[in-house]
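**Q** any chance you could fold what I've pasted below:
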Amino acid sequence: MNQSTKTPFVRLAKREAMNPWKAWCIRIGSILLALILGSILIAAIGKNPLAAYGTILDGSLGSKTMLRQTVRIAIPLLGTALAIAPCFKMRFWNIGAEGQITAGAIAASYFALYWAGKVPSALLLVIMGVTGALAGGLWALIPAFFKAKWNTNETLFTLMMNYIIIGVVRWLQGGPWEGRPGSQIIPEFDQDACLPRVFGVHCGWIIVLILVVFMFIYMRYTKQGYEIAVIGDSINTARYAGMNVGWVIMRTMFLSGAISGLVGFIIVSGADNTLHDGVAAGVGFTAITVAWLSQLNPFAMIAISGMLAILSKGADTLHTRMDIPASISDIITGTLLFCMLGCEFFINYQLIFRGSKHKHAPAEQKEAARS
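**A** From the prediction side, this is the model:
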């Protein structure tokens, strides 16, 4: 049989390490491509693309008030991306950050509703933060235990737990914690249970920046971070080295859930000042994109979270000022994220067409040597 008929028309191969400047050229090119595609879409509905992009920037960064609102959007995104990073580094796909945020928000809300006025404000906020972190960590520990004990599918397990805890909030809204009968609304927190403001924004931004430094050190320079990296590369290697893989999984998931729970506390006490069933507002899913785009680098997450916050806040302004439908703004944001994620594929892999002259990748060289 002809060799060309055996070879696929196109195949995928892992690239060798690419020069950093080439990788950044591809990333910048992907952003420019997304902006061009967005411009075509905006022009198709009869609007000026340059004016639209200018409105996005002005609506998110044009004044102190708008800048503060953008920072408020970025805070939970950054905190949640930090939370899921160690799990993803370990190849444990934690899709349950939404639920862990909600669990932490519930725990913090209990003390906000029933302890306000009984203890000093500073102590109350500390209690709310600690209990929120513990609740988020314990909620994350459930799928981690099942994964460590019986090797269950963590993706489905953590995803389904989101809906369980959201159901708990809905029960609280219409039951024990309901304010005015029939309102399905939990009362707003007392001022003692609200985070103080620093530079016009609740001090949650200080907490997440401290977490950035902590997670960078934890992932790069601690024994626990090294164990996470080894398990992510190969579970068999980790076991051969004597690591207790099940324990590391549970420990890492508890940390991830604790940070998510802390984010839940920040949201209810800093941004919303109450609890509702949409408290996480999709942050747990959007943070997955932040984590991947930043390649699990905590400092890069600051920039990615800020960019998404600018797009989110600017999209609202785009709708009010230029009468561009919110759906168009969502498409522009989705296109940008798609291009940015897609560029990472071309940085790490290449398409090889039949008959093209190509330097064999290391894996192909080994295969050729065996044959």
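
**Q** mind giving me the packing neighbours of the helix ranked longest in the chain?
**A** When the chain is parsed with DSSP state H, its longest helix is helix 121-150. Packing partners of helix 121-150 (3 or more C-beta pairs under 8 Å, 6 or more residues apart in numbering; DSSP states H and E): helix 97-114, helix 154-174, helix 245-266. C-beta coordinates here come from the backbone N, C-alpha and C atoms, glycine included.

**Q** could you dump the ones you listed to TSV with distance to residue 27 and mean pLDDT?
**A** Compiled in TSV, those are given as follows (distance: least, C-beta to C-beta, whole Å; pLDDT from 0 to 100):
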stretch	distance to residue 27	mean pLDDT
helix 97-114	25	98
helix 154-174	28	96
helix 245-266	27	98
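
**Q** could you dump these into TSV with mean neighbour count and distance to residue 342 added?
**A** What follows is those, written out as TSV (neighbours: other C-beta atoms under 10 Å; distance: least, C-beta to C-beta, whole Å):
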stretch	mean neighbour count	distance to residue 342
helix 97-114	28	24
helix 154-174	17	22
helix 245-266	26	27
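
**Q** turn these into TSV, including distance to residue 136.
**A** What follows is those, written out as TSV (distance: least, C-beta to C-beta, whole Å):
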stretch	distance to residue 136
helix 97-114	4
helix 154-174	10
helix 245-266	2
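
**Q** residue 55 contacts residue 316, doesn't it?
**A** No - the pair residue 55 / residue 316 is not scored as a contact, 10.4 Å apart, by C-beta atoms under 8 Å.

**Q** for those two, indicate the residue with more neighbours.
**A** Comparing residue 55 with residue 316 by neighbour count (other C-beta atoms under 10 Å), the higher total belongs to residue 55, at 22 against 17.

**Q** pretty sure that one sits in a helix.
**A** Yes - under DSSP: H, G, I helix; E, B strand; the rest coil, residue 55 sits within a helix.

**Q** can you give me the pLDDT of it?
**A** What the model reports for residue 55 is a pLDDT of 92.

**Q** residues contacting it?
**A** Listed by C-beta atoms under 8 Å, 6 or more residues apart in numbering, the contact partners of residue 55 are 314, 317, 318, 321, 322.

**Q** narrow the residues you listed to those that are buried.
**A** 314, 317, 318, 322 (16 or more other C-beta atoms under 10 Å).
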